[in-house]
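# Predicted model and sequence below, questions to follow.
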Amino acid sequence: MTPAGSQSPEELLFAAQKESRDMQRAVIALRGELEMAHARREQEVQQAVAAGQDEIKLLRSTAASLRETLENAVIQRDADVQAAHAAAANEIIQLKATSAALRDQLETARHAAESRIQAAHAASANEIAQLKATAAALREQLETARIAQETSVQATRQAAQDEIAQLHASIVAMRETMERHTGKHTSRQ
């Protein structure tokens, strides 16, 4: 091999072309790695979205189950109220059938029955209010979970964008190094 100063222009051109090809191969390899990293990040985002969708399905299923439980409780409450009304009506009919001397006792019993019905209504109203509060809390938890999921997906996207920006910066730095290196070879000629 001859010293750099005694190389012919053809040899210098061949060496520069070889170095340029090597750098192009390196850039192509880096681009491939960047695309693979982007594909991995995209897959991670898709997995995060799928996990979030699974969680939403679970929450919807839980909400449906709670709704069904609430509906069953309302049906049972209505049956209890109807039973209480029926019992009170039967008691009133039986008391009216008794003698006139028991009329005062009948009136007292009717007032007692009305008090029980009002208490049953009050208890039912309280239960409904509690069930509504539970449903509202579940809605709030669902919304909180959705926001947390969106925040996680956004953070994953931001991390992927940051990594892509870093890879772009590395490519630019390598390109500048290659251009400086190419410039040194050109200035030696």
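Nice, I can see it.

# if I look at Glu163, how far off is Gln43?
Computed as Cβ to Cβ, to the nearest Å, the Glu163 to Gln43 distance reads 14 Å. Quick note: C-beta positions are derived from backbone N, CA and C, even for glycine.

# So which of the two has more stuff around it?
Taking neighbours as other Cβ atoms under 10 Å, Glu163 and Gln43 compare with Glu163 leading, 15 against 10.

# pLDDT score assigned to that one?
Per-residue pLDDT puts Glu163 at 93.

# State whether it and Ala37 are indeed in contact, as I suppose.
Yes - applying Cβ atoms under 8 Å, one finds Glu163 in contact with Ala37, separated by 6.4 Å.

# Tell me the first helix or strand C-terminal of the helix or strand encompassing Gln46.
In this assignment (DSSP states H and E), Gln46 forms part of helix 9-97. Next along the chain after helix 9-97, taking DSSP H and E as the criterion, comes helix 103-188.

# now that following helix and helix 9-97, what's the angle there?
Counting by axes from the mean of the first three to the mean of the last three Cα atoms, to 10 degrees, helix 103-188 lies at 180 degrees to helix 9-97.

# Leaving out chain neighbours, which residue sits closest to Ile56?
The shortest distance from Ile56 to any non-neighbouring residue, by Cβ to Cβ, 6 or more residues apart in numbering, is to Arg146 (7.0 Å).
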